[in-house]
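>>> Fold the stuff below for me.
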Amino acid sequence: MRSPWWQGLDLRVLRHVRGVLRRRGLELTLVERRPTEPAAFAALSTDEPSGAGLAVIAPDLSAPEVGLIEHMLGEAALDVAAAVRERDGDVEPAARRTGYAGIIGGASSMIELYSLLDRVAPSDSTVLVQGENGTGKELVARAIHTRSKRREHRFVVTNCSAFNDNLLDSELFGHKRGAFTGAVADKAGLFETADLGTFFLDEIGDMSAALQVKVLRVLQEGTFNRVGDTETRKVDVRIIAATNRDLRAMVAAGTFREDLFYRVNVINVTLPALRERRDDVPILIDYFLARHRRNGRPKKLTVECQTQMLVYPWPGNVRELENEIERLVVLAGDSGTIDLPLLSPRIRQYVPADDEAPIDAGSLPAAVEALERKMIGAAIKKFGGNKTRAAEELKVSRRNLIRLVQKYQLEK
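Residues are numbered from 1 along each chain as shown. As a prediction, the model looks like this:
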């Protein structure tokens with residue numbers, strides 16, 4: 001029996017869209033041809049508009065509802081088409097990458113991120129980027145913009161937590177002369193500045209309920225009014241939002257609008273913390289040492305210094321690591337090496353728990369391997385040999401975990 005065309009595909013974006021539709025009582029299916037019954041449908045190829053694609057069979061939907069769902073399906077179809085090309089060898093395997101548009105890292109979680117961004121960037125869908133502070137949410141938003149069809153237009157950034165409510169209203173939407181004290185001239189807001197480009201709204205979870213309504217209107221209709229103005233203006237902007245807060249919990253608590261949540265959460269990109277991809281620490285160290293070098297070759301860390309930096313959990317993530325490297329380069333002066341005593345006290349004096357004792361290794365590769373072996377062994381033991389659950393705990397793919405278990409001969 002012939003296997004279905006979607007067998008073996010990695011379809012994270014599609015699964016996310018399917019989840020959104022299921023919460024609305026709708027079921028998304030992958031089909032080999034356009035359904036004959038009433039349905040929302042999006043083909044995978046413009047060359048075959050009635051060929052393989054995505055469908056939602058729902059005869060009771062109104063025409064506007066069908067149009068909205070077909071827009072979502074069209075964006076998901078880009079993900080499926082990209083996955084087909086990747087499976088069939090039409091694109092360079094993501095597993096070879098150690099970076100992506102300014103993002104640094106080669107861990108399995110980052111490879112998965114790059115593959116997801118490849119599919120997300122060409123679309124016009126709204127993206128919600130989530131992750132701890134310092135994980136690089138703005139870098140990801142900028143990468144999406146530079147790989148999108150809007151890259152020739154502006155990439156505009158604002159932090160919603162940096163302004164009070166009135167100032168943020170004027171910052172986002174502009175104001176009319178005389179709208180408030182100090183408004184001595186008409187001013188265009190950032191939505192107008194970002195027209196035809198990408199607008200990155202950082203810390204969207206800190207936005208007031210009143211501004212959430214106005215942003216929702218822009219997302220739904222592309223229209224808004226400046227503060228104090230009756231003229232309705234229209235823009236064409238792709239929005240990428242970011243937060244380190246749990247928006248779903250905020251929706252449940254009534255502090256974030258549910259309809260806005262679903263509008264910004266069309267595509268969800270979650271960034272791993274640095275402690276969850278420790279094998280990227282050496283790559284990032286080398287990158288930042290080169291970036292912050294002064295009048296000559298990059299400095300080198302001693303083995304003891306490298307080992308301690310590998311053990312440290314980096315609660316401030318990549319931002320904290322870069323700041324520490326810049327500090328070390330300055331304090332090392334004319335010396336070509338950086339030794340353990342120069343580390344910040346919180347890092348130098350950090351003592352891991354008993355189940356993550358310091359690693360004694362004679363070289364950086366040996367230290368990385370020792371850490372990998374220790375973490376994988378602990379996860380396999382914790383879950384009684386269940387590799388699927390161990391892979392989820394370690395934030396790596398099951399295939400990669402099996403490879404590492406074989407490499408380190410951890411399976412008896």
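>>> Look up the closest residue to Arg294, ignoring the ones flanking it.
Closest residue in space to Arg294, ignoring its immediate chain neighbours: Val329 at 6.5 Å, by CB to CB, 6 or more residues apart in numbering. No exception for glycine: its C-beta is placed from N, CA and C like everyone else's.
>>> Now do the SS call for the one you found.
Using DSSP: H, G, I helix; E, B strand; the rest coil, the structure places Val329 in helix.
>>> residues contacting it?
Leu289, His292, Arg293, Arg294, Lys299, Ile338 (CB atoms under 8 Å, 6 or more residues apart in numbering).
>>> Now for the third one, how many residues are close by?
Same thing as Arg293. Neighbourhood size, Arg293 [other CB atoms under 10 Å]: 12.
>>> how about low-confidence regions in the stretch 1-150 of the chain?
1-14, 16, 46-47, 75, 78-79, 81-96 (pLDDT under 70).
>>> picking that back up, from the contacts of Val329, which ones fall inside helices?
If you go by DSSP state H, the contacts of Val329 have Leu289 in helices.
>>> Model confidence at the residue nearest to Arg294, what's the number?
Per-residue confidence (pLDDT) for Val329: 94.
>>> Now distance to Lys395 and pLDDT too, for the contacts of Val329, in TSV please.
Output for those, formatted as TSV (distance: CB to CB, whole Å; pLDDT from 0 to 100):
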residue	distance to Lys395	pLDDT
Leu289	26	90
His292	28	86
Arg293	31	80
Arg294	35	79
Lys299	31	90
Ile338	29	94
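>>> most surrounded residue in the contacts of Val329?
Counting by other CB under 10 Å, top hit in these: Ile338 with 22 neighbours.
>>> Could you give me the buried positions within stretch 164-178?
For stretch 164-178, a neighbour-count test (16 or more other CB atoms under 10 Å) marks Leu168, Asp169, Ser170, Glu171, Leu172, Phe173, Gly174, His175, Lys176 as buried.
>>> could I have that stretch exported to PDB, CA atoms only?
Provided in PDB are the C-alpha atoms of stretch 164-178 (Å, rounded to 0.1, in the frame of the first residue of the first chain):
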ATOM      1  CA  ASN A 164       3.300  54.500  30.700                       C
ATOM      2  CA  ASP A 165      -0.100  54.000  29.100                       C
ATOM      3  CA  ASN A 166      -0.500  57.500  27.600                       C
ATOM      4  CA  LEU A 167       3.000  57.600  26.300                       C
ATOM      5  CA  LEU A 168       2.800  54.200  24.700                       C
ATOM      6  CA  ASP A 169      -0.500  55.100  23.100                       C
ATOM      7  CA  SER A 170       1.100  58.100  21.400                       C
ATOM      8  CA  GLU A 171       4.300  56.100  20.600                       C
ATOM      9  CA  LEU A 172       2.400  53.300  18.900                       C
ATOM     10  CA  PHE A 173      -0.400  55.200  17.100                       C
ATOM     11  CA  GLY A 174       0.800  58.900  17.000                       C
ATOM     12  CA  HIS A 175      -1.200  61.900  17.900                       C
ATOM     13  CA  LYS A 176      -2.900  65.000  16.500                       C
ATOM     14  CA  ARG A 177      -1.700  68.500  17.400                       C
ATOM     15  CA  GLY A 178      -3.400  69.700  20.600                       C
END
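>>> how far is that stretch from where the chain is centred?
Chain-centre distance of stretch 164-178: 29 Å, with CA atoms, centre = their mean, to the nearest Å.
>>> Next: stretch 120-132.
7 Å.
>>> All the strands of the stretch 101-250 of the chain, residue numbers only.
In chain order, the stretch 101-250 of the chain shows strands spanning 103-104, 127-130, 155-159, 174-175, 187-188, 198-202, 223-225, 232-234, 238-243, with DSSP state E, counting those that start in this stretch as the criterion.
>>> sorry, back to before: tell me which of the buried residues of stretch 164-178 is nearest to Asp246?
Leu168 (21.5 Å; CB to CB).
>>> what separates the nearest residue to Glu32 once chain neighbours are set aside from Ala42, distance-wise?
Nearest residue to Glu32, sequence neighbours excluded (CB to CB, 6+ apart): Ala52, at 5.2 Å. For Ala52, the distance to Ala42 equals 10 Å [CB to CB, to the nearest Å].
>>> For Gly99, give the beta-bridge partners.
Assessed by DSSP bridges, Gly99 has beta-bridge partners Ile104.
>>> Please tell me how far it sits from Asp280.
Using CB to CB, Gly99 is found at 10 Å from Asp280.
>>> Need the residues touching each of those two.
Gly105, Gly106.
>>> More neighbours: those two, which one.
Of the pair Gly99 and Asp280, Asp280 is the one with more neighbours under other CB under 10 Å, namely 22 against 13.
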